[in-house]
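Enquirer: build the 3D model from these lines:
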Amino acid sequence: MTAAVSTPAAAPAGRSRNLAGTGTLLRFALRRDRVMIPVWVAVNALMVLSMPNTLKGLYATPAERADLVRQMATNASLRAMVGPVFGDSLGALTAWRVGVYAGALAAVMSLLVVVRHTRDEEESGRQELVSSGMVGRRAPLTAALLAAAVANAALALLITAGLAGQGAAGALAFGLGVAGVGMVFATMAAIVAQLTESARLARGLTSAVLGAAFVLRAAGDSGTDDGSSVLTWLSPLGWLEDLRAFAAERWWVLLLFAAATALQAGIAYELAGRRDLGMSFLPTRPGPARGRLATAGALAWRLQRGSVLGWSIGFFVAGVVYGGMADGAAQLVGDNAKAREIFQRMGGQSGLTDAFLAAMAGMLGLVAALYVVASVLRLNGEETSGRAEPVLAGAVGRLRWAAGHLLIAFGGSALIMLLAGLGIAVGHGKQVGPVLGACLVQVAGVWVIGGITVLLHGVLPRGAVAAWGVAGAILLIGWIGPALNVPQLVLDLSPFGHLPKLPGGRMEWGPVATLLALAALLVTGGLAGLRHRDMGG
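Expert: Next comes the predicted model:
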């Protein structure tokens, strides 16, 4: 009788012990991310909420919007880029124009939050100290997923409230759909964090899954104009489209997000209970530091070569897609003066096709700034995790150690922009030289962002993560600024705003040289700070 009564009581106690300390860890995670999460949420929400007024200015009448829907039905290249459109209301056009990108940004935010509070903590050794206290086995994973849920809930709330004027039901569906994409990739990152031994690899593999989801959706949408392709349904980004916000909402699609999130969370919890702290199911291969790993530069290349390869492939493919869209974009804009004006603000006062190519080269430059920030901050990760200390204990100076990573960061950014130019040339089929020049000129702006990151790491290492905020603000200015017709003074805050608009514009070496000199000055200041400060201080 005693055993029969005590056994049921023991199970809840065991489950409770597994989650002990979750609330404290959640509060700590939200405190650590008190800057990163609000910035990501604000940028994504602002992108979405600014779109109805932009579209209203571009397509003021129902007839113009209906004509846009008809043109999109026959433009496979643009459907591959932004998806099909299911209605001609401002709300439906907003969901069409920014839905894929809002979902992708929510996914990136979520995977960064989850990996940061799981595998990053284990890799740095901090989780071992935390787990020595009254902390349950699954509490860190639970806190990480809850932090991602808080971020996605805030994003959904802002989107729903901001778009309610376009239709309450559609706004709610769109907000929940974007948050659903975020949670699918949050739980995906939780699984990958159990499988891999490196936070860098966890972020890279989850990002690769996101890239595959985008490609599947693009391939499916290019073949059909109603989102009915099997390939579209294989992608969470495709689910967001097929939710059809503001166009006879399919509420049952939200069950796909819920089911995928629950299933993946269950797998992550099961894996977390079957491994030791700091271990993984896919351990990294050990190897001696000889031959090609005998120098600090070779070690830096070994650590970052996967990232360089992934970004290179992504930029080449993106270039091919953008190049193939150039003529279709010109046909879609047609005689719409306001749409032409936005392209010209982004790409210069040249022919519409050249202005579109210049705008796309500028957009790729903005995205390349994210690469250079991530690559430079690898220095910060090596330092804070303690891995840099054994390297510097040998016959390797700080500047030599840093130089290996910076060469990959700055050289890699030039490489991916070169490959983007080649991709655009392949997709467009002409103007090889001008298109390559248009992409390579963006490197000067990218290097300024890299220089700011080096300076922050060298002088204020604990605030180096603020480089993401700088890159995000510049991305926001370049992406949304022209559409909102913001003052030129604001556009000039971005280094990319001073670059010549190629192809079609006149090459001006003065601004390029000035930006390169500024980048060199910033890097010099950062290295000087690194040389004279305490490591880890």
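Enquirer: so Val490 makes contact with Ile477?
Expert: Yes. Counting by CB atoms under 8 Å, Val490 does reach Ile477; the two are 6.4 Å apart. Where you see a C-beta, it was placed from the backbone N, CA and C, and this is true even at glycine.
Enquirer: so which of those two has more stuff around it?
Expert: A count of neighbours by other CB atoms under 10 Å puts Ile477 above the other of Val490 and Ile477, at 20 against 12.
Enquirer: low-confidence ranges, the stretch 401-537 of the chain, go.
Expert: 481-486, 536-537 (pLDDT under 70).
Enquirer: tell me where it has helices.
Expert: 432-440, 443-459, 466-484, 488-491, 509-532 (DSSP state H, counting those that start in this stretch).
Enquirer: among these, which is nearest Gln304?
Expert: Closest to Gln304 of these, according to CB to CB: helix 443-459, at 13.6 Å.
Enquirer: tell me which strands and helices the closest one is in contact with?
Expert: When contacts are defined as 3 or more CB pairs under 8 Å, 6 or more residues apart in numbering; DSSP states H and E, helix 443-459 packs onto helix 352-384, helix 398-428, helix 466-484, helix 509-532.
Enquirer: comparing those, which comes out most buried?
Expert: Mean neighbours per residue, mean count of other CB atoms under 10 Å, is largest over the helices and strands packed on helix 443-459 for helix 352-384, with a mean of 24.
Enquirer: so which of the helices of the stretch 401-537 of the chain is nearest Leu216?
Expert: helix 466-484 (24.0 Å).
Enquirer: where does the prediction get shaky in the stretch 101-250 of the chain?
Expert: 131-132.
Enquirer: switch to 90 and redo it
Expert: Where the stretch 101-250 of the chain drops to pLDDT under 90, the residues are 101, 105, 108, 112, 116-141, 193-208, 210-212, 214-229, 248.
Enquirer: just say helix, strand or coil for Arg275.
Expert: coil (DSSP: H, G, I helix; E, B strand; the rest coil).
Enquirer: err, Asp225, not the other one
Expert: Per three-state DSSP, Asp225 ends up coil.
Enquirer: I'd like the distance between Asp492 and Leu475.
Expert: Distance from Asp492 to Leu475, counting by CB to CB, to the nearest Å: 16 Å.
Enquirer: what do you get for Val465?
Expert: Counting by CB to CB, the gap from Val465 to Leu475 is 16 Å.
Enquirer: residue nearest the centroid of the chain?
Expert: For the chain, the residue nearest the mean C-alpha position is Val108 (4.6 Å; CA atoms, centre = their mean).
Enquirer: contacts only, for that one.
Expert: Neighbouring residues of Val108 by CB atoms under 8 Å, 6 or more residues apart in numbering: Trp40, Phe185, Ser207, Leu210.
Enquirer: also Leu231?
Expert: By CB under 8 Å, 6+ apart, Leu231 lies in contact with Leu216, Arg217, Ala219, Gly220, Gly223, Gly238.
Enquirer: now do the SS call for the nearest residue to it once chain neighbours are set aside.
Expert: Nearest non-adjacent residue to Leu231, counting by CB to CB, 6 or more residues apart in numbering: Gly220, 3.3 Å away. At Gly220, secondary structure determined by three-state DSSP is helix.
Enquirer: switch to numbering from 429
Expert: Yep, numbering from 429; the last one is Gly648 now.
Enquirer: do I have it right that Gly648 meets Gly666?
Expert: Yes. Counting by CB under 8 Å, Gly666 is a contact partner of Gly648 at 6.2 Å.
Enquirer: packing partners of the host helix or strand of Phe743?
Expert: Element membership for Phe743 (DSSP states H and E) is helix 724-761. Using 3+ CB pairs under 8 Å, 6+ apart, the elements in contact with helix 724-761 are helix 490-501, helix 504-510, helix 627-651, helix 765-775, helix 780-812, helix 826-856.
Enquirer: would you mind telling me which of those helices is nearest Met464?
Expert: Here helix 780-812 is closest among the helices and strands packed on helix 724-761 (CB to CB), at 12.7 Å.
Enquirer: pull out the buried positions in the helix or strand just after the closest one.
Expert: Where DSSP H and E defines the elements, the next helix or strand beyond helix 780-812 is helix 816-821. The neighbour-count check on helix 816-821 (16 or more other CB atoms under 10 Å) flags Ala816, Val819, Leu820 as buried.
Enquirer: and which of the residues you listed is nearest to Leu585?
Expert: The closest of these, once distances to Leu585 are taken by CB to CB, is Ala816, at 40.9 Å.
Enquirer: ok, now which ones touch that closest one?
Expert: Counting by CB under 8 Å, 6+ apart, the residues that Ala816 touches are Leu807, Glu810, Trp829, Met963.
Enquirer: look up how far Pro923 lies from it.
Expert: Distance from Ala816 to Pro923, by CB to CB: 29 Å.
Enquirer: next: Ala596.
Expert: Per CB to CB, Ala596 is found 41 Å from Pro923.
Enquirer: that older thread, considering the contacts of Val536, which possesses the most neighbours?
Expert: Going by other CB under 10 Å, Phe613 tops the contacts of Val536 with 32 neighbours.
Enquirer: looking at it, that one is touching Leu539, isn't it?
Expert: Yes. If you go by CB under 8 Å, Phe613 and Leu539 touch, sitting 5.2 Å apart.
Enquirer: overlap of the contact sets of the two?
Expert: Thr634, Leu638.
Enquirer: nearest to Trp524, out of the helices of the stretch 829-965 of the chain?
Expert: Distance to Trp524, taken as CB to CB, is lowest for helix 894-912 among those, at 15.0 Å.
Enquirer: compare Ala596 and Pro923 (neighbour count), which wins?
Expert: Legend: neighbour count by other CB under 10 Å for Ala596 and Pro923, higher for Pro923 (25 against 12).
Enquirer: contacting residues for that one?
Expert: Ala872, Gly873, Val876, Ile877, Ile902, Leu943, Leu946.
Enquirer: how close does Met537 get to Leu600?
Expert: Taking CB to CB, one finds Met537 at 20 Å from Leu600.
Enquirer: neighbour count for these two, which is higher?
Expert: Neighbours were tallied for Met537 and for Leu600 using other CB under 10 Å; the higher tally belongs to Met537 (25 against 19).
Enquirer: surely the more buried one touches Val469?
Expert: Yes. Counting by CB under 8 Å, Met537 touches Val469, with 7.4 Å between them.
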